[in-house]
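Asks: Next input, structure requested:
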Amino acid sequence: MIRITDPMDLEMNDHAMPELLMNFSSLCPRQRNRDATYSQPQKPSSTVNFTEEQRNMSAEDRDDGDQETTSFTWSMRIFDQPVAIRLLRARREMLSFAFLDATAPAAFLRLMFHDCQVQGCDASILLDPIGLKSEMKSSRNFGIRKLEAIEQIKAALEAECPGQVSCADIIALAARESVALSGGPHIAIPLGRKDSRASNHQQADAHLPSPSISVDAFLQTFMAKGLNLEESVAIVGAHTLGTGHCLNIVDRLHNPKPDDQMNPVFEAQLRLQCPTPIPLTNLTTVSNDITPTIFDNQYYRDLLLGKGLFLIDSSISRDPRTSDVVRQFAINIDYFFRAFSSAFVKLSSTNVLGKTKGEVRKHCSRAN
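Replies: Numbers count the residues shown, from 1 in each chain. Prediction:
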């Protein structure tokens, strides 16, 4: 049993349907049998501060006759158990990836971050992954994985709920489930994102932050998306999951900046794993912290010991604007979980598309 620390204060067990299904079901109104009911939890008590644009979609972006499927909603209405059981298969698709591949949760989480940083949370990263204009052509998307897994989940949902659940929502829900499955908070997120019809690798080059980004640029990037200082430091805590490629840290090791401070023992270990200025292979990786498959606050504890893998990791532990937040997250995991949950909702709600500007793709890799 996983203890959940979000405002809904649920427990995932046989008597409480996972919220993933509740949210999927709320987007499948035509599939419900209204004679059979299943009680839903109430709307989370906490308030999410969306932008004015997100709260009030323009008339051209909203179809008033079908508002529940065209705009963000916390709505969790009754649905029939047979449909819920069938939709559970889609969730099991994602769970199977986590069970077969311990690195899958980190991959799903990174996929959402990289999608939302470019154009907004619109699944543009999935479009035409081998095409010349694909965001995947950007060097900043090196190592992004699990695109085919999102496509498999989409296929399972299309079989039960055609044309209702967007690829953008699937990315957000997969990332949310990955955090919870790894021991992190269970985060309630709104749904109703639409998929974009185009992507551009130049946008990815311009908007995806590098591992060596300065603290100033880092804060500007996330504050521009509505995150406050605390949330900005929390969102980079996603580095508590997964690994980093030698390709992204060799410059720090072999051409260090004068003010870069690293634990000498940790630095020596990294040099053994990444021994050459140009990696012999792009497949060599290093764990982000000592618990790379567990969503916890070990990342911040490591930062206090001078064991930040990327330059930005070390920088936020020393910068006077962010260092105190790092220390608080290192000693109080609940504080970190609350701040990360709030940051996750805001980031996953960035520049969502309305009905006329986006669509629900039938296949995530191509527009309808």
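
Asks: What is the neighbour count of residue 364?
Replies: Using other Cβ atoms under 10 Å, residue 364 has 24 other residues around it. Glycine gets a C-beta too; all of them are placed from N, C-alpha and C.

Asks: next one: residue 235
Replies: Applying other Cβ under 10 Å, I find that residue 235 has 21 neighbouring residues.

Asks: One more: residue 245?
Replies: Residue 245 has 18 nearby residues by other Cβ under 10 Å.

Asks: Could you report the pLDDT at it?
Replies: Here, the pLDDT recorded for residue 245 equals 88.

Asks: Likewise for residue 325?
Replies: Looking at residue 325, its pLDDT reads 98.

Asks: did I read that right, residue 244 in a helix?
Replies: No - the assignment for residue 244, made by DSSP: H, G, I helix; E, B strand; the rest coil, is strand rather than a helix.

Asks: which residues sit in contact with it?
Replies: Contacts for residue 244 (Cβ atoms under 8 Å, 6 or more residues apart in numbering) come out as 211, 285, 286, 287, 288, 309, 310.

Asks: ok, for it, nearest residue in space, not its chain neighbours?
Replies: Setting aside the residues directly before and after it, residue 244 is nearest to residue 309 in space (Cβ to Cβ, 6 or more residues apart in numbering), at 4.9 Å.

Asks: before we move on, back to that, so how do I select the buried members of the contacts of residue 244 in PyMOL?
Replies: Remark: buried members of the contacts of residue 244, expressed as a PyMOL selection using 16 or more other Cβ atoms under 10 Å:
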select buried, resi 211+285+286+288+309+310
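
Asks: For the contacts of residue 244, which two are the farthest from each other?
Replies: By the measure Cβ to Cβ, 211 and 287 form the most distant pair in the contacts of residue 244, at 14.7 Å.

Asks: got the contact list for stretch 117-124?
Replies: Applying Cβ under 8 Å, 6+ apart, the contact partners of stretch 117-124 are 112, 115, 125, 135, 166-168, 170-172, 193-196, 198-200, 203-204, 207-209, 221, 347-353, 358, 361, 364.

Asks: can you check stretch 253-268 too?
Replies: Identification of contacts with stretch 253-268 by Cβ under 8 Å, 6+ apart yields 252, 270, 271, 274, 277, 305, 306, 307, 308, 311, 314, 318.

Asks: if we can go back for a sec, what kind of secondary structure is the residue nearest to residue 244 in?
Replies: Counting by three-state DSSP, the backbone at residue 309 sits in coil.

Asks: list the contacts for it?
Replies: Contacts of residue 309 by Cβ under 8 Å, 6+ apart are 239, 244, 249, 270, 286, 287, 288, 289.

Asks: could you show me where the helices are in the stretch 101-250 of the chain, in order?
Replies: For the stretch 101-250 of the chain, the helices defined by DSSP state H, counting those that start in this stretch cover 104-117, 147-160, 167-181, 201-207, 215-223, 229-235, 250-254.

Asks: Look at residue 226 and say how many residues are nearby.
Replies: Per other Cβ under 10 Å, the neighbour tally for residue 226 reads 17.

Asks: Would you confirm that it contacts residue 348?
Replies: No - judged on Cβ atoms under 8 Å, residue 226 makes no contact with residue 348 at a distance of 11.4 Å.

Asks: picking up where we left off before, got the contacts of stretch 253-268 as JSON lines, with distance to residue 155, neighbour count and pLDDT columns?
Replies: Listed next are the contacts of stretch 253-268 as JSON lines, based on distance: Cβ to Cβ, whole Å; neighbours: other Cβ atoms under 10 Å; pLDDT from 0 to 100:
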{"residue": "252", "distance to residue 155": "41", "neighbour count": "21", "pLDDT": "90"}
{"residue": "270", "distance to residue 155": "41", "neighbour count": "21", "pLDDT": "93"}
{"residue": "271", "distance to residue 155": "44", "neighbour count": "13", "pLDDT": "92"}
{"residue": "274", "distance to residue 155": "38", "neighbour count": "23", "pLDDT": "91"}
{"residue": "277", "distance to residue 155": "43", "neighbour count": "10", "pLDDT": "88"}
{"residue": "305", "distance to residue 155": "45", "neighbour count": "12", "pLDDT": "95"}
{"residue": "306", "distance to residue 155": "46", "neighbour count": "16", "pLDDT": "94"}
{"residue": "307", "distance to residue 155": "41", "neighbour count": "23", "pLDDT": "94"}
{"residue": "308", "distance to residue 155": "39", "neighbour count": "28", "pLDDT": "93"}
{"residue": "311", "distance to residue 155": "40", "neighbour count": "22", "pLDDT": "92"}
{"residue": "314", "distance to residue 155": "42", "neighbour count": "20", "pLDDT": "93"}
{"residue": "318", "distance to residue 155": "47", "neighbour count": "16", "pLDDT": "94"}
